[in-house]
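Peer 1: I'll drop the sequence and a predicted model, then ask my questions.
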Amino acid sequence: MFDYAVVGGGIGGVLASSLLSHMGKDVILFETLDYLGGCAGTFQRKGFYYNVGAATFVGAEEELPVGKIAKYVGLELPIKPIDPAMVIYLEDKTIRRWRDRELALEEISKAFPELNHKAFWKRVYEVSDAMWSMWCDSLPYPSLTLPFRNLSKHPISFLSTLLCNFFSAKRVAKVYLGNFNSDYELFLTHHTLITAQGFLEEVPFSVASLGLTYPNLTNYYVIGGMGKLLDTFAKRVKVISMKTRVKSIRKKPWGFLIETNKGQYEAKRVILNTTLWKAGDLIEELRDFSERAKRRYSKLWGAFTIYMTVEGELPKDFSHHHFILLREPIPYTGSRSLFLSISEEDDPVLSKEKTRSITISTHTRLELWEGLSKEEYEERKERATEYCLELIYKHLPELRSLKKLQVFAGTPKTFERYTERYRGSVGGIPVIKENFPFSYPSPLTPVEGVYLVGDTVFPGQGWPGVSMGVINLLKLIERDFQIC
Ligand SMILES: Cc1cc2nc3c(=O)[nH]c(=O)nc-3n(C[C@H](O)[C@H](O)[C@H](O)COP(=O)(O)OP(=O)(O)OC[C@H]3O[C@@H](n4cnc5c(N)ncnc54)[C@H](O)[C@@H]3O)c2cc1C
């Protein structure tokens, strides 16, 4: 009988297992794949390694959520800082997103000289600083007492961000900048799209400020692939059952009976790192709960990804992350941006034998990949791949001449098949005004003893969001858990 059974070894499942194990709980972690990390893992194909999706990493400083967890469990992460965080390409403009705020502003002003950016970006930094200073007290899951808690502990920060929760980022940007052209909107909106899964007009200014300043946090390169972060946190977990798919969970008077492809297990409590919508497939009593969530949170994104192994020389200062913004959408995705990450020259896993590993991703609408015949599906995949690669070679000509040892693509169907994401949707529930903060899903479920972690529960996606969600849950269910 375990204290906790954790279903799924994504960021949420691994961090929850690591913290609970460190607190002395008996934990078993089940992962259906042969690697940890889910959307933020690193997988192998024909001898070469690739990051599945997530490739940028922030939040590792001691005062930020991942750093707090690493310190709590006493682990060093295999990371090194990078600067610029990314390079953005928009037609003939190249914008390096430096960490330093002055340099960053200079670079943005150079690309868009017609606008007076200073006051807008000053406000963006003020709000994001205030948001980060309050994050610990903004957990557990927003209750109606949250505003009072923040007001008493952080009066200045709270008051300065209060209105920013009610107005969209686009509205606030217009107040400071007046009318701006569609290229500047493209620039701003893709910061919020990749961090909050919503466009500038959908995301509250408070949340957008965190996305706009993501490159101004310390960004890190993860040595050996993103999966190494998960392997590091997993060191604290005594029992990990890999290649173990949980098929069903039945409520019993003494706890829960967990049925897997490798046999049955018993636990007093269960933490699901599957999406909110999939909880009902595992636990009969959660079926209605998941069905309601499907109707309530239907605005979802998928990802189209390309994985490549290349061989050849690149300039020494070639950045790790490149973000290409487009005036026209990419066929079969509906997206106007492409994110490319490349491994460091001497990465022992991703760049073995003088190769480099590349992960390219773009948002895509799920329905564009649904209901297709096999031929239609393959044709779309091939055409979208060719189109994306041509765009990449146009903006990053250094990559065109490299020898391609392996190239293949992934769609929402691929994510559904491997990571069991509902309809292949990724990035969680958009952090947009209609959902955030009070209508964002809680980690508590209607079944006592069953909880949720991951990017479909508050406060959302990525390393910072999911790690905050784990801290949030443990603050709610473990009285002795004191992390902040
Ligand atoms: C293309 C792309 C790019 C991204 N870029 C970034 C980035 O640069 N930086 C960043 O911070 N975030 C990024 N994200 C977001 C980030 O990857 C996710 O928000 C995060 O990884 C989700 O973590 P999760 O805990 O919800 O788990 P998931 O990643 O969903 O993992 C869940 C795990 O549970 C397992 N599982 C499911 N069902 C079962 C079952 N029945 N039994 C056993 N195991 C099961 C799955 O195999 C999987 O390993 C990106 C996402 C994508 C798709």
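Peer 2: Right, received. Where do you want to start?

Peer 1: around the ligand, pick out the residues from the stretch 1-150 of the chain.
Peer 2: By C-beta under 6 Å from any ligand atom, the residues of the stretch 1-150 of the chain that approach the ligand are 7-12, 30-33, 38-40, 53-56. Bear in mind the C-beta positions are built from the backbone N, C-alpha and C, glycine included.

Peer 1: so Thr355 sits right up against Glu311, yeah?
Peer 2: Yes. With contact defined as C-beta atoms under 8 Å, Thr355 reaches Glu311; the gap is 5.1 Å.

Peer 1: and the residue of the stretch 151-300 of the chain nearest the ligand?
Peer 2: Val246 (3.8 Å; C-beta to the nearest ligand atom).

Peer 1: now the residue nearest to that residue when sequence neighbours are not counted: phi and psi?
Peer 2: Leaving aside its chain neighbours, Val246 sits nearest to Val7 (4.7 Å; criterion: C-beta to C-beta, 6 or more residues apart in numbering). Here is the backbone geometry of Val7 (degrees, to the nearest 10): phi -100, psi 110.

Peer 1: which residues does Val7 contact?
Peer 2: 13, 30, 246, 249, 258, 270-274, 282 (C-beta atoms under 8 Å, 6 or more residues apart in numbering).

Peer 1: again, only this time at 6 Å
Peer 2: 30, 246, 272 (C-beta atoms under 6 Å, 6 or more residues apart in numbering).

Peer 1: roughly how far apart are the residue of the stretch 151-300 of the chain closest to the ligand and Pro441?
Peer 2: 20 Å (C-beta to C-beta, to the nearest Å).

Peer 1: so what secondary structure elements neighbour the strand or helix carrying Val87?
Peer 2: In the assignment (DSSP states H and E), Val87 maps to strand 86-90. If you count contacts as 3 or more C-beta pairs under 6 Å, 6 or more residues apart in numbering; DSSP states H and E, strand 86-90 packs onto strand 93-97, strand 321-325.

Peer 1: TSV please, covering the ones you listed and showing mean neighbour count.
Peer 2: What follows is the helices and strands packed on strand 86-90, written out as TSV (neighbours: other C-beta atoms under 10 Å):
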stretch	mean neighbour count
strand 93-97	18
strand 321-325	22
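
Peer 1: make JSON lines from those strands and add mean pLDDT and distance to Phe415 to it.
Peer 2: As requested, the helices and strands packed on strand 86-90 are exported to JSON lines (pLDDT from 0 to 100; distance: least, C-beta to C-beta, whole Å):
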{"stretch": "strand 93-97", "mean pLDDT": "98", "distance to Phe415": "27"}
{"stretch": "strand 321-325", "mean pLDDT": "98", "distance to Phe415": "21"}
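
Peer 1: stretch 34-45 - what's its average pLDDT?
Peer 2: Regarding stretch 34-45, the rounded mean pLDDT is 98.

Peer 1: what's the burial count for Ile483?
Peer 2: Look at Ile483: counted by other C-beta atoms under 10 Å, it has 15 neighbours.

Peer 1: one more: Glu390?
Peer 2: Glu390 has 10 nearby residues by other C-beta under 10 Å.

Peer 1: phi, psi of it?
Peer 2: According to degrees, to the nearest 10, Glu390 has phi -60, psi -40.

Peer 1: separation between it and Thr213?
Peer 2: Per C-beta to C-beta, Glu390 is found 32 Å from Thr213.

Peer 1: go on, Gly24?
Peer 2: 38 Å.

Peer 1: so for these two, which sits in the more crowded spot?
Peer 2: Thr213 (23 against 9).

Peer 1: contact partners for the more buried one?
Peer 2: Ser128.

Peer 1: pLDDT value on it, please?
Peer 2: So, for Thr213, pLDDT stands at 98.

Peer 1: look up phi and psi at it.
Peer 2: Dihedral angles (degrees, to the nearest 10) for Thr213: phi -100, psi 10.

Peer 1: Gly225 against Val349, yeah?
Peer 2: Yes. Here Gly225 lies in contact with Val349, judged by C-beta atoms under 6 Å, at a distance of 5.3 Å.

Peer 1: what touches both of those two?
Peer 2: What both Gly225 and Val349 touch, as defined by C-beta under 6 Å, 6+ apart, is the set Tyr49.

Peer 1: between those two, which is the more surrounded one?
Peer 2: Gly225 (28 against 16).

Peer 1: give the closest residue to the more buried one in space, chain neighbours not counted.
Peer 2: The nearest residue in space to Gly225 (C-beta to C-beta, 6+ apart) is Thr42, at 3.2 Å.

Peer 1: the one you found - how many residues pack around it?
Peer 2: Neighbours of Thr42 using other C-beta under 10 Å come to 26.

Peer 1: quick check: Gly9 touching Cys39?
Peer 2: No. In this structure Gly9 lies outside contact range of Cys39 using C-beta under 6 Å: 11.5 Å.

Peer 1: so these two - more neighbours on which side?
Peer 2: Gly9 (28 against 24).
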